[in-house]
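Participant: Structure for this input, please:
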Amino acid sequence: MVQPLLAHRAFALKYRPQLFADLIGQDLAVRLLTNGLVKQSLGSAVLFTGTRGVGKTTLARLLARALTCPQRDPVSAEPCGTCETCTSILGDQQLDVIEMDAASHTGVEDVRAILDACPYKPVACTHKVYIIDEVHMLSKSAFNALLKTLEEPPPYVQFLFATTEVDRVPETVLSRCLRLDLRPVETDLLAQHMAGIAQKEHLEMEPLAFTLLARAARGSVRDALSLLERASYIGRDTLTVLDVRALLGLSDESRLEDLLTACIQGETVTTLRLLRTLCSEGASAKEVLVQVLQALHVMTCFLVEAPLIEDMLFSETVLAHLKGLAQRLSVPAVSRLWAIFSKGLEEVMVSPSPELSSEMVFVRAGYTAPLPDLHALLQENSSFAEERAPYTPEQPAPSGIHSFQEVLSALESRKEVLLLEQITHGAQLVSFKPGAITLHQNGVGAAQDVPAKLSKFLSQRTGSPWAVTWSAEEGAPVTPVREPSQQRLQEPLAKQVVELFPGAVLDSGT
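Facilitator: Numbering: from 1, shown residues only. This is a model prediction of the structure:
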């Protein structure tokens, strides 16, 4: 006859806290609630928020029992756990404590059913408690329906909300609740908690194995107990660190050392061989990159002489190797590797082939790691570090202007017709020498700004400063520039005039 299987309870349910004192890592939230219970000043709505598995629903159920327990401890506010009210709540049989999952009851009709029951007093308890889990899943209409009752509830009604995404809860609801943020549990405390449960389950494990499981749980008690339960199925008398690493898909420390060393030395073939070996042994590409980033963080701490984080999972042997490896690099080089692997981790997370993407990340890092540091390169090559003269724009080569006629020719060649006409018809030359010209204003043919314009033109033309001024002293008339008559008569315009007017005589000066 086949014996019936006994009902199995998961570790997370079997060891769920039954008292406030059993809850780990949430001392502040427990103190606030117990003080509110003792002083009977707890608000009509309490919102528990935090990541998964930190005790939101557990704390809400504990608070529901403490509110309704007639034999509650007057000092610690702990429920007795033995009275009819406590046992009925533990057995989900209490009519005055209603728990609703908002993920499956999101509509306004579900909330309206709660609101319709609020005016009726409790059946057997002092309070009517409504626990709404994952409250952020409620619809907008459902939240709006709650507002009035949350603001002015009956004195015997207590709302307890739990959510992992507090940002999705409307501000109008948050302002009506006592908000308690539950933090992720510290790794050391979580490891001690698992060690105590393992002792109750007669499970032998190496101390560092608990730390590995706690680190993988990322502050979640439920995840930690689930991992501990998975580890118990391995079936060994004593679970080792290697067993837990294989369970979590983590790479072996010694192989990780060799992989990082080969990558930093630019040995691409060896790097790819070691990476493929790790993946074939069960290590995921994501976890390998995460561990490499952790190793780079340790190396950076060694370089800048900063203390290591307390929950670092590397052994003393690995830390010593990483310290020696860090001494061969500089902070900019390690930072460059960190940037490559951080970007590579993002690529692996979205890649259809994580193993191939991780190989490309290591190839990229392997070709970048041996590159010399720019500062060290400048120090080695002193010619780069020499001070150089400040940059000055190239000046145009000075052209030889040694007479005033050359000034007029330069104006004509640059098509400065207006300035040329003002000088030839409205000015007299008083004196000339390279770099200085004195003119006399002859009537109104030349404007007052002729010297400034001429000085600017000559300075740009020759590349050296020129001083041009007006003088009251009269000078010699300025003779216009004349080209040889035969050259002027050969111009296309002159030829067209002769063709249009046969027998015309052209003056070469016109």
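
Participant: Surely His402 is within a strand?
Facilitator: No. The assignment for His402 by DSSP: H, G, I helix; E, B strand; the rest coil gives coil, which leaves it out of any strand.

Participant: tell me the phi and psi of the residue nearest to it when sequence neighbours are not counted?
Facilitator: With C-beta to C-beta, 6 or more residues apart in numbering as the measure, Pro434 is the residue that lies nearest to His402, at 6.2 Å, once sequence neighbours are left out. Glycine gets a C-beta too; all of them are placed from N, C-alpha and C. Main-chain dihedrals, Pro434, degrees, to the nearest 10: phi -50, psi 120.

Participant: Can you give the distance from stretch 223-232 to the centre of its chain?
Facilitator: The gap between where stretch 223-232 is centred and where its chain is centred comes out at 32 Å by C-alpha atoms, centre = their mean, to the nearest Å.

Participant: Stretch 69-83 too?
Facilitator: For stretch 69-83, the separation from the chain centroid amounts to 48 Å (computed by C-alpha atoms, centre = their mean).

Participant: again with stretch 211-228
Facilitator: In terms of C-alpha atoms, centre = their mean, the centre of stretch 211-228 is set 26 Å apart from its chain centre.

Participant: Same check on stretch 134-150?
Facilitator: 33 Å.

Participant: What of stretch 433-445?
Facilitator: Computed by C-alpha atoms, centre = their mean, the separation of stretch 433-445 from the middle of its chain amounts to 69 Å.

Participant: Give me the contact list for it.
Facilitator: The set of residues external to stretch 433-445 that reach it, using C-beta atoms under 8 Å, 6 or more residues apart in numbering, is 401-402, 404, 407, 422-423, 425-432, 446, 450-451, 454, 464-475.

Participant: how does the chain divide into domains?
Facilitator: 12-181, 187-248, 253-373, 404-477 (automatic domain parsing).

Participant: least reliable of the ones you listed going by mean pLDDT?
Facilitator: Of all the domains of the chain, the segment with the smallest mean pLDDT is domain 404-477, scoring a mean of 82.

Participant: Now do the same contact list for Glu355.
Facilitator: Glu355 makes contact with 276, 279, 285 under the criterion C-beta under 8 Å, 6+ apart.

Participant: As a check, name the ranges of all helices in the stretch 401-510 of the chain.
Facilitator: Per DSSP state H, counting those that start in this stretch, the stretch 401-510 of the chain has helices spanning 404-413, 417-426, 450-462, 485-489, 492-500. These are given in chain order.

Participant: With Leu189 as the reference, name the closest of the ones you listed.
Facilitator: helix 450-462 (79.5 Å; C-beta to C-beta).

Participant: Can you give the distance of the closest one from its chain's centre?
Facilitator: The mean C-alpha position of helix 450-462 is separated from the chain mean by 58 Å, C-alpha atoms, centre = their mean.

Participant: cool, stretch 189-201 as well?
Facilitator: The chain centroid and the centroid of stretch 189-201 are separated by 36 Å, computed with C-alpha atoms, centre = their mean.

Participant: And stretch 330-339, by the same measure?
Facilitator: With C-alpha atoms, centre = their mean as the basis, the distance from the averaged C-alpha position of stretch 330-339 to the chain average is 17 Å.

Participant: buried sites along it?
Facilitator: 333-334, 336-338 (16 or more other C-beta atoms under 10 Å).

Participant: Using CSV, write down the CA coordinates of it.
Facilitator: Listed in CSV are the C-alpha atoms of stretch 330-339, where the atom choice follows Å, rounded to 0.1, in the frame of the first residue of the first chain:
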residue,chain,number,x,y,z
SER,A,330,46.6,52.5,-13.1
VAL,A,331,43.3,53.9,-12.0
PRO,A,332,42.5,55.2,-15.5
ALA,A,333,43.2,51.7,-17.0
VAL,A,334,40.9,50.0,-14.5
SER,A,335,38.2,52.6,-15.1
ARG,A,336,38.5,52.0,-18.8
LEU,A,337,38.0,48.2,-18.2
TRP,A,338,35.0,49.0,-15.9
ALA,A,339,33.4,51.0,-18.6
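
Participant: quick revisit: can I get the buried ones among the contacts of Glu355 as something I can paste into ChimeraX?
Facilitator: Listed next is the ChimeraX selection for buried residues among the contacts of Glu355, using 16+ other C-beta under 10 Å:
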select :279,285
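
Participant: In helices, which of the contacts of Glu355 fall?
Facilitator: The subset of the contacts of Glu355 located in helices under the criterion DSSP state H comprises 276, 279, 285.

Participant: can you give me the helices for the stretch 201-350 of the chain?
Facilitator: Shown for the stretch 201-350 of the chain, the helices assigned by DSSP H, counting those that start in this stretch span residues 207-217, 221-232, 241-248, 253-264, 268-280, 285-304, 316-326, 331-350.
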